[in-house]
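1. Predicted coordinates and the sequence they were generated for:
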Amino acid sequence: MKTPRRNILAILDNAVRWTGIPARVADDMSGAPDRKHRPLRWIPIWMIAFSCTLFILSLAWPPALDMVAITVSFMGSIAAIAPGIHICGPLGKSSLEDDEREAALRKDSFLFCFGLLTLLNCVGQLLLMSLSHLQNWQTAQSVFVAASAFMLNLTLFGCLPTLYASWNMPQLPKE
């Protein structure tokens, strides 16, 4: 029995397939979502909810924040986790690697975030100044409110663009 003769092109094709480069090129060109920078739809919501809870507690129930160590550790954990959410989210990669759709999504998400933060800070500063004057806040409560408002701003700035981009990214159909 005669074995079929393999020509030189088939041998070269097999040698190239053995290196694994064609599979990498096919994965890069397939448009499959990057596993490192995937949509994060629920984790940023939890971080924003925790920061809002801290801010509301500092406004409504100041004795709950008398435990300084717990409050500072909670603020520190939020400050440590928020940048990680941004890095793992869809906007975590360099903007130089973006295509047109990703660049538009990045622009829209940051414009939404900056617009919302501007609105909240403009209204919030007037509201907090009025509350502190009308309720005769002590210095400690003013410091806690200012610190929790700062943490809320940092959390919103770190998580809101990721949240907006994650919810506006098209979902792949489940196979």
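-> Arrived safely, thanks for sending. Numbering: from 1, shown residues only.
2. Can you show me the helices along this protein?
-> For the chain, helices defined by DSSP state H occupy the ranges 8-19, 21-29, 43-60, 68-88, 100-134, 139-168.
3. and the first one, C-alpha only, in PDB?
-> Same thing as helix 8-19. C-alpha atoms of helix 8-19 as PDB (Å, rounded to 0.1, in the frame of the first residue of the first chain):
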ATOM      1  CA  ILE A   8       6.300  20.800   0.700                       C
ATOM      2  CA  LEU A   9       3.400  23.200   1.400                       C
ATOM      3  CA  ALA A  10       1.500  20.800   3.600                       C
ATOM      4  CA  ILE A  11       4.700  20.100   5.600                       C
ATOM      5  CA  LEU A  12       5.200  23.900   6.100                       C
ATOM      6  CA  ASP A  13       1.600  24.400   7.100                       C
ATOM      7  CA  ASN A  14       1.900  21.700   9.700                       C
ATOM      8  CA  ALA A  15       5.100  23.200  11.000                       C
ATOM      9  CA  VAL A  16       3.400  26.600  11.300                       C
ATOM     10  CA  ARG A  17       0.400  25.100  13.100                       C
ATOM     11  CA  TRP A  18       2.700  23.400  15.500                       C
ATOM     12  CA  THR A  19       4.000  26.800  16.700                       C
END
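4. Contacts for it, please.
-> With C-beta atoms under 8 Å, 6 or more residues apart in numbering as the test, helix 8-19 has contacts from P22, A23. The C-beta positions use only the backbone N, C-alpha and C, and glycine is treated the same way.
5. From the chain's centroid, how far away is it?
-> 43 Å (C-alpha atoms, centre = their mean, to the nearest Å).
6. can you start the count at 49 instead of 1 from here on
-> OK, 49 is where the count begins now, so the last one is helix 56-67.
7. Please identify the buried residues of it?
-> Within helix 56-67, no residue is scored as buried using 16 or more other C-beta atoms under 10 Å.
8. likewise the last one?
-> Using 16+ other C-beta under 10 Å as the burial criterion, the residues of helix 187-216 that qualify are 189, 192-193, 195-197, 199-214.
9. ok, now the longest one?
-> Taking 16+ other C-beta under 10 Å as the neighbour-count basis, helix 148-182 is seen to contain the buried residues E150, L153, R154, S157, F158, F160, C161, L165, L176.
10. try the third one
-> Burial within helix 91-108, assessed by neighbour count using 16+ other C-beta under 10 Å, is assigned to I91, P92, M95, I96, F98, S99, L102, F103, L105, S106, L107.
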